[in-house]
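J.: here are the coordinates; sequence isn't available:
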C-alpha cells in the first residue's frame with residue numbers, strides 16, 4: 001500500500017485486464033483503487049490491476065475533482081463498501097469482452113452481485129470477475145428509460161447455490177461470447193457446470209471461470 005500512498009492525488013497510468021486507464025488516483029483501499037479520468041470515477045478491484053505507473057511532470061493534464069461521488073469518512077474504502085454504496089444507483093460495469101453492462105446493482109451477496117439491466121434483465125456476476133465500475137451522473141439512467149426492479153427475494157447467498165436454482169433452465173454464460181456457453185443447465189452443482197448446447201451436446205466448464213450468467 002505504500003506504493004499507492006506515493007501515487008495518491010497524482011496522475012497515473014493503469015493497466016488492467018482488457019483495459020488501460022489514465023487519471024488521478026483519488027483513493028485506494030486494500031483491495032480497490034479509485035481513478036478519476038477527468039470525467040468519471042472508476043472503481044477498480046486491485047485483483048485485476050496488472051501495472052500502475054506514475055506520470056511525472058504532467059500535473060495539469062487532468063483537473064482534480066472537487067468532490068467524490070460517495071460520502072467519505074475516516075474508515076478506509078474497500079471493494080465491498082463501494083459495491084454497497086453503489087446499490088440502487090445507475091452504473092456501468094465491465095466484466096468480459098468488448099462490451100460494458102449498464103444497469104443498477106440491486107444486491108451484493110457473499111461472492112456475487114446482481115445487476116438489473118434494461119436489456120438483459122437480471123445478470124449474476126461473481127465479485128472476482130468484475131473489472132471496474134463507474135456511476136452515471138445524477139438523474140441519468142441507462143438508455144434514458146425508467147424501469148421497475150423485479151422481485152429478487154429468493155436469492156441464494158452464494159453463486160453456486162444460485163446456479164443450482166437455474167437447473168433445467170436456458171442460460172447465457174459470459175454474455176454469450178462463446179456459443180457453447182449458451183444452453184440448458186443440466187447440472188449447476190459443484191465446481192463443474194454441465195450445459196446442453198444448441199446442438200444437444202453436453203459441455204462442461206469450471207464454476208470459478210464463470211464471469212456472468214443471465215436467463216434470457
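T.: Arrived safely. Please read all numbers here as calculations on a predicted model, not as lab measurements.

J.: show me where pLDDT drops low in this protein?
T.: Across the chain, the stretches falling below the confidence threshold (pLDDT under 70) are 1-2, 58-60, 138-139.

J.: how is it divided into domains?
T.: Following automatic domain parsing, one finds the domains of the chain at 2-54, 79-144, 159-214.

J.: which of the ones you listed sits closest to residue 64?
T.: If you check each of the domains of the chain against residue 64 by Cβ to Cβ, domain 2-54 wins as the nearest, at 5.8 Å. In this view, the C-beta of every residue, glycine as well, is placed from N, C-alpha and C.

J.: picking up where we left off before, and residue 61, which of the domains of the chain is closest to it?
T.: domain 2-54 (6.3 Å).

J.: chain center to that closest one: distance?
T.: Relative to the mean C-alpha coordinate of its chain, domain 2-54 is positioned 16 Å out (Cα atoms, centre = their mean, to the nearest Å).

J.: likewise for stretch 108-115?
T.: Between the mean C-alpha point of stretch 108-115 and the mean C-alpha point of its chain there is a distance of 10 Å (Cα atoms, centre = their mean).

J.: and that stretch, what's buried?
T.: Going by neighbour count (16 or more other Cβ atoms under 10 Å), the buried part of stretch 108-115 is 108, 109, 112, 113, 114, 115.

J.: stretch 21-37 now?
T.: For stretch 21-37, the neighbour count (16+ other Cβ under 10 Å) marks 21-29, 32-36 as buried.

J.: same check, this time on stretch 204-216
T.: Of the residues in stretch 204-216, those buried under the neighbour-count criterion (16+ other Cβ under 10 Å) are 205, 210, 211, 212, 213, 214.

J.: same question for stretch 144-164.
T.: Neighbour counts over stretch 144-164 (16+ other Cβ under 10 Å) mark 159, 160, 162, 163 as buried.
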